[in-house]
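> Here is my input, please return the structure:
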Amino acid sequence: MATATPACPDLTALFRRVQREPDWFCERTFGDELWSKQREILRALAVHEKVAVASCHGVGKTFLAARAVLWFLHAYAPAIVATTAPTAHQVTNLLWREIRIAHAKLPPELARESKCLMNTLYFFTADGSVRPDHLAWGRSTNESAHFQGIHAPHLMAVVDEASGVSDDIYEALDTWAAGGVYRELLIGNPMRAEGKFFRAFTNPELGYVTFRIPVTVTPNWTGEDVSEAVTRSLVQPERVRLWAADWGEGSAAYHARVMAE
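Purely as a prediction, here's the structure:
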C-alpha cells in the first residue's frame, strides 16, 4: 500500500479511506481494538497538521503513537517519519518496540513491502532495492542538526514523552511544515510547566489540536463498552489508589501522572 496513489478507481478509493480514517486502517490492518480517545486522536491526525496529547500513565499512548507511524507510511508515499524521545531507551525499547510489534502483525501483502529493524523501518521497490525516499527512523538526541535538512512530499514527526524534549529539537521540526503534507504528534505525560509541549496546550496561536487524557475518561472509569483485554491493558483503579496513597492527591506527581494536568 505504500506506493504512489494508484490509477485504479477502487484502489484510489481505498487509499483515500486510509488517509481519512486511520482508526479504520489500524483496526483492519493490525486487528486492533481502539478505545474512544485513541480513535479521536487518530482521526484528528488525518485532518490536522499538529496534534498534542497530554495523558496519564497506562492509557496506551505509545501503542497509539506506533500505529500513527505505520498509518502515515501506508497512507502517503513517498514519506519520511522521524520519531524522537528524551532517551535512547524510550526510543528503542518503548515506541519502537510497539512499532516492531505492530509491523509483525501486518498482513503478508503489506509485510513484504518493508523491513523493521530496531529503530528503522525500510521499504522496498518492486525490484527489491531499498527506497531512500520512504522510511521511518527513531533517534534520541539533543542535537537539532539531526532533524534539519529533511525534505519529502509527506513528512511526519512523532515526539514521545514530549515534555522532556528540548526546544532546540522542536525548532528544527518547525521547519518541516514548509510545504507538502505534514503531520506532527506530540504525546506524553505533562511533567513540566514550560517548553514546547506545555506551550502547545497554553498558546492557541501555535495551532495544535490538543487532547488531555486523565484517568477519569478511560474505560475503567467511564464504563465504555470495550473488551476485557482492553480494560486489562489500561490503568487500573487499584494502581491509582496506590499512587494517591504514596504521592498524595494534591501532589504535582499525581496531577501530572494521573490527571494529565
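
> Show the pLDDT at the residue most central in space within the chain.
Note on the chain: the residue nearest the mean C-alpha position is residue 65, at 2.1 Å, using C-alpha atoms, centre = their mean. In the prediction, the pLDDT value recorded for residue 65 is 96.

> try residue 192
For residue 192, pLDDT reads 89.

> what's the nearest residue to it if we skip its chain neighbours?
residue 163 (5.0 Å; C-beta to C-beta, 6 or more residues apart in numbering). Just so you know, the C-beta spots here come from the backbone N, C-alpha and C atoms, and that holds for glycine as well.

> got it, and residue 180?
Per C-beta to C-beta, 6+ apart, closest to residue 180 is residue 153, 4.6 Å.

> unless I'm mixing things up, the one you found is touching residue 181, no?
Yes: under the criterion of C-beta atoms under 8 Å, residue 153 makes contact with residue 181 at 6.8 Å.

> residues bridging contact with these two, i.e. touching both?
residue 76 (C-beta atoms under 8 Å, 6 or more residues apart in numbering).

> could you pull out the strands for the stretch 151-261 of the chain?
With DSSP state E, counting those that start in this stretch, the ranges of strands along the stretch 151-261 of the chain come out as 154-160, 181-188, 209-213.

> Would you mind checking the average pLDDT for the shortest one?
Translated: strand 209-213. Here the average pLDDT along strand 209-213 is 97.

> Could you name the helices and strands sitting against it?
helix 36-47, strand 50-55, helix 195-202 (3 or more C-beta pairs under 8 Å, 6 or more residues apart in numbering; DSSP states H and E).

> now the ones you listed in CSV, with mean pLDDT and mean neighbour count?
As requested, the helices and strands packed on strand 209-213 are arranged in CSV below (pLDDT from 0 to 100; neighbours: other C-beta atoms under 10 Å):
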stretch, mean pLDDT, mean neighbour count
helix 36-47, 97, 19
strand 50-55, 97, 25
helix 195-202, 95, 18
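
> between those, which gets nearest to residue 77?
Residue 77 lies closest, by C-beta to C-beta, to one member of these: helix 36-47, at 16.2 Å.

> Could you list every helix and strand that the closest one packs against?
helix 9-20, helix 22-30, strand 50-55, helix 61-75, strand 209-213.

> swap the cut-off to 7 Å and go again
On a contact count with 3 or more C-beta pairs under 7 Å, 6 or more residues apart in numbering; DSSP states H and E, helix 36-47 meets helix 22-30, strand 50-55, helix 61-75, strand 209-213.

> could you check the angle strand 50-55 makes with the longest one?
The one in question is helix 61-75. Angle, helix 61-75 to strand 50-55, by axes from the mean of the first three to the mean of the last three C-alpha atoms, to 10 degrees: 160 degrees.
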